[in-house]
Each structure stands twice: as structure tokens, then as C-alpha cells.
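# Quick one, what's the 3D model for this:
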Amino acid sequence: MHNFSFFSRNKKKLIALIVLLVVAVGIISYYFLTQPATNIFGRSLWGHAETPYGESMDVYINVGGQTKEASFLAAITGSKSETKYTVNGTWASQSKIQFQVQVQVSGTNIQNIKVNFLKIKGVDSSDNSYHEYSAATYGYTFPDQIGTSPPASKTYTFPSSAMDISTHLQDCDAPTSSATIKYYITIEVQSTGTKSGQTLTVTISYTWFTTNNYQQETESSSTTVSPEVLVTSFFSLQNAANVAIIAGIIIIILAARELYKIGKKQLSHEKKRRLQNLLKALIVAAFIMLIISASFLYFFSKPPNEDRAGNDTEWFSVQLIKDEHFTAAWQEGSNVQIKATLQITYQNMQSTFTITIKVKAQDSSDASKYHEYPLYDAQDTFSSGEQKTYQTNIMTIEQHLQDLSLSTSESHTIDYYVYFKVVGTGAKSGEQYTIEHQYEKFDTKMYTFVNPPSYSEAHEDTQSGYDYYNYLTDDDDPTYVREYSSNTEPIFVTLWLKVSGDWSNIKFRVRVKSYRVSAGNSYPVPFSIFCDGDEVYYSYPGDPYGATTWTWFETGAIDLSSAAADGWIKFQIGRETRPAGTYYIYITELRVENATASWFAFLFVPQNLLILAAIIIVPAGIITYRRKKNVK
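Next up, the predicted model:
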């Protein structure tokens, strides 16, 4: 029997590939599952600068990491009795200390990225004496260009050789027997805008990132410690995850193709079953690899983004729940309100936090047109896990666009960015901890300007005839326009309307009487509305049929954009044929309004089309699959 496919010819290779996939999944799972649970010694700092010309720079300074990354981590080796230190309770003989800081810069439309200075300061918590360690002292020359364009990064390690902890404590004028040192970092990064030539500067003033307790001890084993401020690198793992996703998709496509072909081949039932099971296992393994790789890219390969501050004993975390309420279409009377909800969870923190939260609305086509809306800037009290909502006042869309110095007579697309800063105080140490997120885009809204249809004049019979506009807009029944006849036809009230605005989707609302009088009795009679000679409405029986008393009638949606192009519409209401007796047509109110959007128009919004496609395609696919399965 012939071998029908790649997979049927290479069953051993297929099995080996499945094993390799499972091993890869295990390795990746082990990497994530063995990470310590957010045991942070340091901090990730973030700075941002921008110009009104679409030029922006984001600077990420990672001066901390998890315990696995050896942020002030001690290792024990050797055997000898001598004086040494414990660092935060960990033994460390002949201990040495060295700082390592990674600078990462991203942005748009910037060049010549350079670091102007980088310093770390150790402060004795007992008397605030300190020593400043400048990277410039240890062989680095500043300003130091780290890239010509984003992304750019560089790692600074200083001192070049690790120094003894005792020397470090003496530098800080701290006792060498027992001391608690707080560490702070400052840095300045600059770049030049490629469009404006302006200088973008991000300066992070001295900011605390960790505290170490040093105790001088004596024991019988020699230890060596290299306490470093290290940073987790996502580069290689991110590339691996990207490759894994691409490979997984290719494997799924090929395996599914072979699975389909095998079902049609003339193979023994047992051989077909084995091959199908192997292919299904391969697809499942590829799906698992896709899920893990995608999860890694989403949760772990993002730039450092502070949402937790503190240490093992006292900490707090902030979750921003963004919520906005907008009216999708632009029209008079529509409102805008922006809301954001903060959730703060903490341990051993004072319950009062200082909250700063604001939203920036910015024209997507002109970055110089923007407005900042402060949602809150004061202290507020939280219980752990509590959520609180901050919001703008309700404003009209006109007010909103005017805040951005934008025209209120045309359409606009607005981008929305949120900034927040939360400062909390440790209940035990009194230390202040800060979480700050620079402006981050969270939504885009399109405000489509609709120029409402209207008319300002209503001349009888000709464009220069008597103007009945006030009669037709005063909500007063005694003022009306009338026509009647007992021997002529057609019988119409003819009005020339001087129009403006968008007449592409309008409806008329008219308050009329339409009836005939015969033998002293009045009978309702249907009527028509014509615009520029085309019939746009007929009052069929039961619509109501006609009226002997003042009654409102409403047309459906009408497109009169062509008729209104010259600024005039010939409006006629009445009948082309005269009924028996004398026919009367009265009109006391004539209103024009935007028609409600049709289902057709609603469906042809891109988002609604995607939803509709999902509603149709997914159930159809399931039904088709089940039917094919039943056929087999």
C-alpha cells in the first residue's frame, strides 16, 4: 500500500515532534511556575516626555527584580571562621556589593538618545547620612549616547569591581556593625525630536527603590555575597514565544489538513485511527504551546509597568478600571462623561492614600489640540480591596470639543489617555511608596457631525410668494395654510422651502386636516406629499386614513439630498385627484427631523458586521462539523 501523506510516512518523526512539544511546554511551564510570587526588592521606574508634534519618549529604569534575579541575593560557599555580614537575614561572609541598572527607551519620532547622568545614593536610616555613587566615577562618560533611534537600552554596572560591604557602610557614615541603608536612584535621559528638533527630557529625581539591613556576625563557614540590582530581560524569551506561536499555527494548519485527508483515504480502520489520534495529539500540543506563548507575551513581555509598591512586609497595589460613557453620534444635546475606578489592595499600610488621576483628550490628527480633565487630586481613604470611582462632570459634546479648541461644526476623532499616581505610607516604617503610571491611551471615539436638516422660509406657490414659515412653526392651530376645491384637480398646498443642513435621511411630521364634504357630512380622505415632483408619502387607510380634525402624520425616512442641493425644495401636500364633494386640505405644522437609522445602516457599521459574522459563522461551523462527524 502506498504512503499517502507526510505524516503517514513519518510516524516516528511525528511522535518525536510531539515529545519535543511536550518537553518545550514543560520547560516553559517550569520557568513560570518556579518564579517566586512577586517578592520584589526593588522598583521599576517609568518616565515620559512628549511634544505637540507626535514626538514622545518613554524611559523604563529597572532597578529591582524578583529574588530569583539576585537582587541583593547572598550565596554561601567555602568553610572558614571569620567576621561577615547578614543582609536582610541572609549570611554573607566577605560580602561585596555592586549595582546594576538597565535603561530601556522607547518612543516615536525621536533620535540621538542619551543618558546625561545616573546616580545611586545609600542613606543611613538612623541619621540620614549618605553617600552618592555616580556611574561617571566608575568609567562611564556622560552624556552617554545609548542609541540613535528607539528602541534603545544599556546596562550600567558600578562600581566596576564589587566593593566590600564594610567599605560601603563607611562610605555612608554608617556603623559597620549594624546598619539599615535605604537606596535611591536618579537618572536623566534626553532625545531630540525628528520633526520639531525639540529636546525631550525625562528626569527621575532621587526615588527610593529598596532598603537593606546589614548585621556583622561571626560564624564557622565562609560566604560570599554579590548583592546586585538586576533586571529581568525579556528579549530572548519574547523571541522564543513569537517563534513558538508561528510554529504552532503552521503545525495546526498542516496537521488539520492531513487529518482531513486521512479521513478520505482507503486505510484500515486501525491504521486510520492511530494516525488520527497522533494528529489530534499534535494539534492539542500545538494549541497548548500557543496558549502558553501568547500568555507569556501578554503578561510577561510587556515593559516594566509599576502596579505594586512596597516590600514583603508592607505593600499596596493599584488596579485601574477605566470606564467611559460617550454618546456615539454627534448631535445637539448629546453628553460626554469620563469615569475611572481605582481599586487599592494593601497590607500594613495606612488607609489614607494621596490620589492623582486625570484624563487627557487629544485630537488624533493634531496632538497640539488636547485638554486635560482632572478626575481627582487629593487624599482619600480606602479599605483593602475597595473600589472608588472618580469622574468628570457631565458635559455636552459641544463643550467637550470646545475644550480641545476644535470646531463644533465638523467631525472629529478623539484619543483618550489616562494618568494616575497613588502615594501610600507604610503603617510600620512610615516609608512612603509611590505607584505612578504616565499617560496611557485607553480609548478612541469618533464624533460624527450631523448638520440637522431645517428650513427657514416657506413661500406659497413660488419662491417669492407669501412666507408662511411662522404659521407652520408656532404650535398654534388657528394659523394654517389651506386649499380646497369642488371642481378642479389636482388640489395641493404648495410651499417652497428654503432649506439648509443634511437632508440625506429625514422625515416630515405634519399636522393636517384632509377631508371631503358631501351632502353636509365630512369624511376623512387620504392625501400625498410630493417633494420636487416626486411622491414621498401617501396616507393609506389606517395610517390614519385622513382626518377631519387636526392630526399628526409622520413619513418614513426620505433622502432629499439631491432636491436640497440648490437650497430649495418644492413641498406639496394634497391630492392629485378630487374626491366626490368638496375637498379640503389644511396644514398647521410642518416639521423636518433626522430619521432614525435603519437596520441596514446599523448593520454596516464595521463593529456590528464583525459581531454579526461571529454570530453566524461560529454556530454554522459547529453545525457543519457535527453533521460531517455524523456522516462518518
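
# Contact partners for Ile252?
Contacts for Ile252 (CB atoms under 8 Å, 6 or more residues apart in numbering) come out as 283, 286-287, 290. C-beta here means a position set from N, CA and C on the backbone, and glycine is covered the same way.

# out of these, which is most surrounded?
Neighbour counts for those, by other CB atoms under 10 Å, peak at Ala286, which reaches 25 neighbours.

# Does it touch Ile253 like I think?
No. Using CB atoms under 8 Å, Ala286 makes no contact with Ile253, being 9.6 Å away.

# shared neighbours, the two?
Joint contacts of Ala286 and Ile253 (CB under 8 Å, 6+ apart) do not exist.

# hmm, back to that, can you redo the contacts of Ile252 as a markdown table with pLDDT and secondary structure?
Shown next, in a markdown table, are those (pLDDT from 0 to 100; DSSP: H, G, I helix; E, B strand; the rest coil):
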| residue | pLDDT | secondary structure |
| --- | --- | --- |
| Ile283 | 82 | helix |
| Ala286 | 78 | helix |
| Phe287 | 81 | helix |
| Leu290 | 77 | helix |
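
# Tell me the one of those residues nearest Gly107?
Relative to Gly107, the closest of these is Leu290; by CB to CB it sits at 30.9 Å.

# The closest one contacts Ile249, doesn't it?
Yes. Distance between Leu290 and Ile249: 7.2 Å, which falls inside the contact criterion (CB under 8 Å).

# Setting the sequence-adjacent residues aside, check what's closest to the residue lying farthest from the centre of the chain.
Relative to the centre of the chain, the most outlying C-alpha is that of Ala519, 72.8 Å out, by CA atoms, centre = their mean. Once flanking residues are discounted, Ala519 sits nearest to Gly581: 7.6 Å by CB to CB, 6 or more residues apart in numbering.

# Check Ser485 too.
Closest to Ser485 by CB to CB, 6+ apart is Ile491, at 4.9 Å.

# Then Lys154?
That would be Ile146: by CB to CB, 6+ apart, it lies 4.2 Å from Lys154.

# Assign a three-state SS to that neighbour, would you?
strand (DSSP: H, G, I helix; E, B strand; the rest coil).

# what pLDDT does it get?
On pLDDT, Ile146 comes in at 91.

# just Gly263 next, same as before
73.

# Also Pro143?
As predicted, Pro143 sits at a pLDDT of 93.

# Kindly report the same for Val22.
On the pLDDT scale, Val22 gets 54.

# Ok, Gly26 next?
For Gly26, the predicted pLDDT is 53.

# ok, back up a step: for the residue nearest to Ser485, list the residues it contacts.
Going by CB under 8 Å, 6+ apart, Ile491 touches 483-485, 574-575, 578, 583, 585.

# what helix or strand does Asn470 sit in?
helix 469-473 (DSSP states H and E).

# Name the next helix or strand downstream of that helix, please.
strand 481-485.

# List of residues touching that next one?
So strand 481-485 is contacted by 460, 468, 471-472, 491-493, 495, 574, 578, 582-588 (CB under 8 Å, 6+ apart).

# Below-threshold pLDDT in the stretch 1-150 of the chain: ranges please.
1-46, 62-95 (pLDDT under 70).

# what about the residue nearest to Thr488 when sequence neighbours are not counted, how many neighbours?
Leaving aside its sequence neighbours, Thr488 sits nearest to Arg578 (CB to CB, 6+ apart; 6.9 Å). By other CB under 10 Å, 18 other residues sit near Arg578.

# now Arg578, what's its secondary structure?
From three-state DSSP, the assignment for Arg578 is coil.
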